[in-house]
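Peer 1: Below: sequence and its predicted model.
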Amino acid sequence: MSASEIREVRVELGERSYSVRIGPGILDGIGEAVRTLCPAPNAAVVTDSNVGPLYADQALASLRQAGYEAHCVTVPAGDGSKSLDQAAKLYDAMAAARIERRSPLIALGGGMVGDLTGFVAATWLRGVPFVQCSTTIEANVDAATGGKTAVNHPAGKNLVGAFYQPRLVVMDTSTLDTLEDRDFRAGLAESVKHGAIRDTAFFAWHESHVEPILAHEPAALADLLERNVQIKAAVVAADEREAGLRAILNFGHTIGHAVESLMHYEWRHGECVAVGMVAVARLAVRRGLMADADAERMTTLLRAFGLPTEIPARLAAEDIVRLTKMDKKVAAGRVRFVLVPRFGETVLRDDITDADIRTAVEEVRAAS
Ligand code: GLY
């Protein structure tokens, strides 16, 4: 399959099924693609102050050419915009743009824009059509597919939200050209995660494609995105609302979220997931639930992608233990950890003790 070919993955959810399209330059066709699914007089693009100046005109031109009265709302870049205050401002903009029940709301950007726009789409008029145009590796690999939408609350990340599936996801791989190197690498953590939890051959594919991936070779990137979306789509189709299987996508996230919070979001999400996966792998090795060689293999791969594999020395293990209890996935007071006994397989354990977490964190904490 060539790199310039458009790849399409279906997320099978009955009448809410949708396509994820992956390919270079496909933002130019967003107007026609959306029009076919959501005929309406007007449409709104929500973007942020980083992505908007680069790609909003392209999206708006395509929407206008397809006959929409197209509006654009730009929110400040950064996770701070994932708030109820910002959602309220977007509702004002929706009212001003006369966004009606059939009018599509199009998220143009990374995970923050997708989560915020999806939440507003789920709640404005009790739900308007939602389209994702994701522009980062992290969003393409994970957040853009699957219908988790949310804003943050002072008590924690993503605490106010809804499961609300998009009608279409468009991943224009040309938009990755403008991604900062650190963001590009951070997004690869979720790809390593997908290989580790679901597909041992895909995990090994990463190991043999480090150079082409880091060189942004189009064929490698197209393969990477397509396989990630296939994995995510299969998990979401089996368990849309995280009643069971979908929890495996949280591998590395329980400790990762604690690190993210203690680092005051100075680290990218993917960087925190990388150290979270390394820590939980060490924990699994100590409990006899993962081979030491596999934990080492994963650490080596994350390092090859330039991702952090040590928790900063200034973070106290006790604080990490405390914050793991704030995880959304706590059930009946017990934190459920996703472990990977062998690549491609997972187990959920709720018998992990504070001492287990503390020891694992100490093991992967930087010396200074
Ligand atoms: N990012 C994990 C999920 O979508 O379930």
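Peer 2: Done, it's in.

Peer 1: What helix or strand is the nearest residue to Pro39 once chain neighbours are set aside located in?
Peer 2: Spatial nearest neighbour of Pro39, excluding adjacent residues (C-beta to C-beta, 6 or more residues apart in numbering): Arg102 at 6.9 Å. The C-beta positions use only the backbone N, C-alpha and C, and glycine is treated the same way. Using DSSP states H and E, Arg102 falls within no helix or strand.

Peer 1: residues near the residue in the stretch 51-200 of the chain that the ligand sits nearest to, how many?
Peer 2: Residue nearest to the ligand within the stretch 51-200 of the chain (C-beta to the nearest ligand atom): Gly146, separated by 4.2 Å. Around Gly146 there are 23 other residues, counting by other C-beta atoms under 10 Å.

Peer 1: does it sit in a helix, a strand or a coil?
Peer 2: coil (DSSP: H, G, I helix; E, B strand; the rest coil).

Peer 1: That one and Leu289: what is the separation?
Peer 2: Distance, Gly146 to Leu289, by C-beta to C-beta, to the nearest Å: 27 Å.

Peer 1: Check Cys133 too.
Peer 2: Per C-beta to C-beta, Cys133 is found 40 Å from Leu289.

Peer 1: neighbour count winner among the two?
Peer 2: Set Cys133 next to Leu289 and count neighbours by other C-beta under 10 Å: Cys133 wins out with 31 against 18.

Peer 1: what's the pLDDT at the more buried one?
Peer 2: You'll see Cys133 listed with a pLDDT of 98.

Peer 1: next one: Ala331
Peer 2: 62.

Peer 1: again, but for the one 4 residues further on
Peer 2: Listed pLDDT for Val335 reads 86.

Peer 1: give me the number of residues near the closest residue to it other than its chain neighbours?
Peer 2: Excluding the flanking residues, the one nearest Val335 by C-beta to C-beta, 6+ apart is Thr324, at 5.3 Å. Residues lying near Thr324 (other C-beta under 10 Å) number 22.

Peer 1: For this protein, which residues are neighbours of the ligand?
Peer 2: By C-beta under 6 Å from any ligand atom, the residues of the chain that approach the ligand are Asp142, Gly146, Lys148, Arg246, Leu249.

Peer 1: Show me which pair in these is furthest apart.
Peer 2: Using C-beta to C-beta, the residues of the chain next to the ligand reach their maximum pairwise distance at Asp142 and Arg246, which is 12.0 Å.

Peer 1: which one of those two has more residues nearby?
Peer 2: Between Asp142 and Arg246, counting by other C-beta under 10 Å, Asp142 is the more crowded of the two (27 against 17).
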